[in-house]
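1. Would you be able to build a 3D model of this:
(4 chains)
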2 protein chains.
Amino acid sequence: MANMPFAVEPHEGDLPRAGSKRRPGMHDVARLAGVSHQTVSRVLNGNANVSPRTRALVVAAIEELGYRPNSAARTLVTGRSRTLGLITIASALYGPMSTLYGVEAAAREAGYMITVASVGDGEAGALDEALMNLQKQGVDGIVVVAPLISLGDALSSHARHLPMIAVEGSPGASLPVISVDQSLGARLATTHLLELGHRTVWHVTGPAGWYETQHRISGWAETLTAAQVDIPPMLRGDWTAQSGYEAGQILSRMPDATAVFVANDQMALGLLRALHEHGRTVPDDISVVGFDDMPESANFIPPLTTVRQPFSDVGRRSLEALLALIKSGTGSDERIVITPELVVRRSTSRPAS
Amino acid sequence: MANMPFAVEPHEGDLPRAGSKRRPGMHDVARLAGVSHQTVSRVLNGNANVSPRTRALVVAAIEELGYRPNSAARTLVTGRSRTLGLITIASALYGPMSTLYGVEAAAREAGYMITVASVGDGEAGALDEALMNLQKQGVDGIVVVAPLISLGDALSSHARHLPMIAVEGSPGASLPVISVDQSLGARLATTHLLELGHRTVWHVTGPAGWYETQHRISGWAETLTAAQVDIPPMLRGDWTAQSGYEAGQILSRMPDATAVFVANDQMALGLLRALHEHGRTVPDDISVVGFDDMPESANFIPPLTTVRQPFSDVGRRSLEALLALIKSGTGSDERIVITPELVVRRSTSRPAS
DNA sequence: GCACCTCATGTTAACGTTAACGAAGGGGTG
DNA sequence: CACCCCTTCGTTAACGTTAACATGAGGTGC
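-> Reported below is the predicted structural model:
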């Protein structure tokens, strides 16, 4: 009790006010500047009419006291907190993380803060809890990066309580969704391999329950079907390099497999290792295409041909959309689709013969 | 103006209150339960003496109205927000990101929310801005993951305004620091190589201006000095795989280089590629040790021997320390050091001789 | 010169919660 | 039976800000 958390030392080298214990408020600034607290408020919010002279006085007083506005009070009276929530999956996956920074950067430029809440793998209860916490905390809106199908369903029920948009999720839900065209990406990858002259293309998938997994599978399968080519069985992965390695061990024993599309770059890394250990050279014996284009992918052995997802754009665009939603108040269920891009490097080539 | 951001639809399938426009407050709950708002407050905070009967009434009313406490109001009156700030570097580096999730998870368990603010590479002004924003927002404390020396200096001046702890930084500052023993990690790596029988060990560093860079260099150099062995010139990197690749190209042309300690795993990846392209096999021709132990490192070609940093522990521990600091109020400048661990895989072996 | 408008400022009342205190009732102890 | 204490509740006053309205000084048009 004795020590308050906001107790403030007299500040560097400046002030009198010996026994001051709480940090200064508008009244203190107002008194020092010889104006009313309302005038201080006006100066702070820039908006209203304040004479240059008075403004200067107030600014000086603010400076001298080291005054910082208390946004809890502001939030209380205005009903908006200039804080946005971000719900994301709690794992070190490259995609969600880059998206987070994209969102944060855009938010900062727009004058918003971001508070994060992460949900463990697929726990639907955790989503509810995160949503509740964020709501209690008074966020003005929420970006949900929850690419799991199970989470998508839980979202719709909350969407009407708060402005909210989803990244990579729930096409059926009644909330706006922003996503990279996964299916197109998969078609790009598969077509590239087919055009190189490969008979067919194998596929290492992501884990079940992810939208990305689904859409990449369907883009791949559609391309193969359209080309009237055999569809080999899928190899299931879980995004980790280790699962890619295991898929690679299987693939190494298939002499007729000359091309494989792997659902992300981390799995491609493991797959590359398995191939290498089994003496199958990439791309001479077998061509590999990944997905994501992580910064490391250009330095795989060999440098990986992959599909680039512009994650930080996704972050920025989704924040813009959320802000627009907050401003308009209308619950549009727009869909924003971002186009991925094939990056050809050295893990793909024409088949040997 | 017409649509308030907090306007709330009548809730799923329940309530009367036709024209209700604002979301319910304690008074509404109190009226419905037939008690005073203070009693509602007591129920919410669990603390005081409330008869089981009354408690049940209140809980039912809360449920029925879908009441959610307004934390802005609570923050205003209590002076604490149950929100913590996290300042981190805005880049997709594995370490800071994992730390973030460690912090977030620990915070969630302790009932705190995390709001993040990122600072671009080394802009000291950005740190001030981030600190200011967080302070305005009313956070109860701040974790700064700012491993740049330039940032560390800027910190000290703010430390006394707010409970604050640093991760990997500013040994001189007057705030508690939690860090992995970088120097020990470097000694572990270097010693491992020396014990394998290598004459000396080369080093690819991180970028100048980072604490980690410095300490890994000194750990490496000390070990070499203690072993009375030649200290080869350092190769400067910048944490990226690309810079590791460039270092690897140089190293490939040094026939007498048989062992190298690379300051992080991403650079090691690039280095491995360069070595491979120049026909130098790892570990037969040259041994490589990395730093970090990213999840991918076990799937490099070959699997990388590296020094594991337990990032999510770092996150958890730093949060615990911050919470303790907040509770005690005293400005201890404790140092918590976490021990890294050498993970031996297949990128190191005895020299060919 | 009177009414009227505009600009610059001040005054008062919220916002939704917790803290501090006070009051009523029940039970034990002397 | 009086006294006191403890439990359970209610009442009142903050917290620091913005919104809404009020005030007064000066200028403009007729």
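
2. which residues in chain A form strands?
-> For chain A, the strands defined by DSSP state E occupy A:83-89, A:113-119, A:141-145, A:164-167, A:177-180, A:202-205, A:235-236, A:259-262, A:287-289, A:306-308, A:335-338, A:341-343.

3. Including mean neighbour count, could those go into a markdown table?
-> Placement of C-beta: from N, CA and C, glycine included. Below are these laid out as a markdown table (neighbours: other Cβ atoms under 10 Å in any protein chain shown):
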| stretch | mean neighbour count |
| --- | --- |
| strand A:83-89 | 25 |
| strand A:113-119 | 25 |
| strand A:141-145 | 27 |
| strand A:164-167 | 27 |
| strand A:177-180 | 24 |
| strand A:202-205 | 26 |
| strand A:235-236 | 18 |
| strand A:259-262 | 29 |
| strand A:287-289 | 27 |
| strand A:306-308 | 26 |
| strand A:335-338 | 13 |
| strand A:341-343 | 16 |
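
4. Please name whichever of the ones you listed is nearest to DNA strand C.
-> For DNA strand C, the closest of the strands of chain A is strand A:83-89, at 16.4 Å, according to Cβ to the nearest atom of the strand.

5. tell me the angle that closest one makes with strand B:113-119.
-> Interaxial angle, strand A:83-89 versus strand B:113-119 (axes from the mean of the first three to the mean of the last three Cα atoms, to 10 degrees): 100 degrees.

6. Output strand A:83-89 as PDB - backbone C-alpha positions only.
-> Taking Å, rounded to 0.1, in the frame of the first residue of the first chain, the C-alpha atoms of strand A:83-89 are listed here in PDB:
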ATOM      1  CA  THR A  83      -6.600  -0.200 -28.800                       C
ATOM      2  CA  LEU A  84      -7.200  -3.100 -31.100                       C
ATOM      3  CA  GLY A  85      -7.100  -6.800 -30.200                       C
ATOM      4  CA  LEU A  86      -5.100  -9.400 -32.100                       C
ATOM      5  CA  ILE A  87      -5.900 -13.100 -31.600                       C
ATOM      6  CA  THR A  88      -3.300 -15.400 -33.000                       C
ATOM      7  CA  ILE A  89      -2.100 -18.900 -32.800                       C
END
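
7. So in that sheet, which strands flank it, and in what orientation?
-> Sheet pairing of strand A:83-89 (DSSP bridges) gives strand A:113-119 (parallel), strand A:141-145 (parallel).

8. Now find how far off-centre that strand is within its chain.
-> Centroid displacement of strand A:83-89 relative to its chain, using Cα atoms, centre = their mean, to the nearest Å, is 9 Å.

9. Kindly report the same for stretch A:73-81.
-> Distance, stretch centre to chain centre, for stretch A:73-81: 27 Å (Cα atoms, centre = their mean).

10. Tabulate the strands of chain A (a markdown table), appending mean pLDDT and distance to DNA strand D.
-> Formatted as a markdown table, these follow (pLDDT from 0 to 100; distance: least, Cβ to the nearest atom of the strand, whole Å):
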| stretch | mean pLDDT | distance to DNA strand D |
| --- | --- | --- |
| strand A:83-89 | 93 | 15 |
| strand A:113-119 | 92 | 16 |
| strand A:141-145 | 93 | 18 |
| strand A:164-167 | 91 | 24 |
| strand A:177-180 | 93 | 30 |
| strand A:202-205 | 98 | 51 |
| strand A:235-236 | 98 | 54 |
| strand A:259-262 | 98 | 52 |
| strand A:287-289 | 98 | 53 |
| strand A:306-308 | 98 | 43 |
| strand A:335-338 | 92 | 31 |
| strand A:341-343 | 98 | 44 |
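
11. Just put these in CSV and tack on distance to A:G219.
-> Formatted as CSV, these follow (distance: least, Cβ to Cβ, whole Å):
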stretch, distance to A:G219
strand A:83-89, 22
strand A:113-119, 27
strand A:141-145, 21
strand A:164-167, 19
strand A:177-180, 12
strand A:202-205, 10
strand A:235-236, 16
strand A:259-262, 9
strand A:287-289, 12
strand A:306-308, 10
strand A:335-338, 13
strand A:341-343, 12
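
12. Between the ones you listed, which one is closest to A:R23.
-> Smallest distance to A:R23 across those (Cβ to Cβ): 19.4 Å, for strand A:113-119.

13. Okay, and the beta partners of A:A259?
-> Here A:A259 sits in beta bridges with A:S287, going by DSSP bridges.

14. quick one, what contacts it?
-> Going by Cβ atoms under 8 Å, 6 or more residues apart in numbering or on different chains, A:A259 touches A:L193, A:L196, A:H198, A:T200, A:V201, A:W202, A:I286, A:S287, A:V288, A:V289, A:T348, A:P351.

15. and which of those residues is nearest A:H278?
-> Nearest to A:H278 among the contacts of A:A259, counting by Cβ to Cβ, is A:I286 at 10.1 Å.

16. how about the closest one, phi and psi?
-> Main-chain torsions, A:I286, degrees, to the nearest 10: phi -150, psi 140.

17. How many residues are close by it?
-> Other residues near A:I286 number 27, with proximity taken as other Cβ atoms under 10 Å in any protein chain shown.

18. Quick check: it vs A:L251, distance?
-> Applying Cβ to Cβ, to the nearest Å, the value for A:I286 to A:L251 is 7 Å.

19. and for these two, which residues touch both?
-> Here A:I286 and A:L251 share the contacting residues A:A257, A:V260, A:L275, scored by Cβ under 8 Å, 6+ apart.

20. what does the stretch 201-350 of chain A have sitting close to chain B?
-> A:240-242, A:244-245, A:266, A:269-270, A:272-273, A:276, A:295-296, A:298-303, A:326, A:329-330 (Cβ under 8 Å from any Cβ of the partner chain).

21. Quick check: the residue of the stretch 151-300 of chain A nearest DNA strand D.
-> Across the stretch 151-300 of chain A, no residue is closer to DNA strand D than A:P163, which sits at 18.5 Å (Cβ to the nearest atom of the strand).

22. excluding its backbone neighbours, what's nearest that residue?
-> Of all residues not flanking A:P163 in the chain, A:G141 sits nearest, at 3.9 Å (Cβ to Cβ, 6 or more residues apart in numbering or on different chains).
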